[in-house]
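# structure of the sequence below:
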Amino acid sequence: MHVLMVMGGGLLLLGVFVLFGWLWSASMAGMVVAAKLFMPVWLLIACTNMWVGVTQAGYSVRDEALILLIVLMVPVLLAAFVTRILSQA
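Here you go, the predicted structure:
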């Protein structure tokens, strides 16, 4: 359940980034830049989630690595898809 909540938070954060990209530049290019900026930010958040899982929850790095991959890739792949779609528009 925690994995789904973290991924949902990532998708929500992507939406916030894209929305602010539109608000700051009022163009598709601003939304693309915002989606691209989301990716490294989400990497840091996902790695922090992994660190908390290892140090506080007692999971092994091996267990958390798979969770990191899942939590990281779903929002990042959606961000890449949004970037590609908005770049073509």
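# relative to its centre, which residue of this structure is most distant?
Distance from the C-alpha centroid of the chain peaks at residue 58, with 24.0 Å (Cα atoms, centre = their mean).
# what are the phi and psi values for that one?
Residue 58 adopts backbone torsions of phi 90, psi 10, taken as degrees, to the nearest 10.
# ok, now how distant is it from residue 3?
16 Å (Cβ to Cβ, to the nearest Å). To be clear about C-beta, it is placed using only N, CA and C from the backbone, and glycine gets the same treatment.
# one more: residue 30?
Distance of residue 30 to residue 3, computed by Cβ to Cβ: 31 Å.
# swap in residue 66?
Residue 66 is 10 Å from residue 3, where distance means Cβ to Cβ.
# kindly report the same for residue 72.
Distance from residue 72 to residue 3, by Cβ to Cβ: 11 Å.
# same deal with residue 19?
Distance from residue 19 to residue 3, counting by Cβ to Cβ: 25 Å.
# circling back to that earlier point, of residue 72 and residue 3, which one has the most company?
The residue with more neighbours, out of residue 72 and residue 3, is residue 72; 21 against 13, by other Cβ atoms under 10 Å.
# correct me, but the more buried one touches residue 48?
No. Contact between residue 72 and residue 48 fails when scored by Cβ atoms under 8 Å: they sit 11.4 Å apart.
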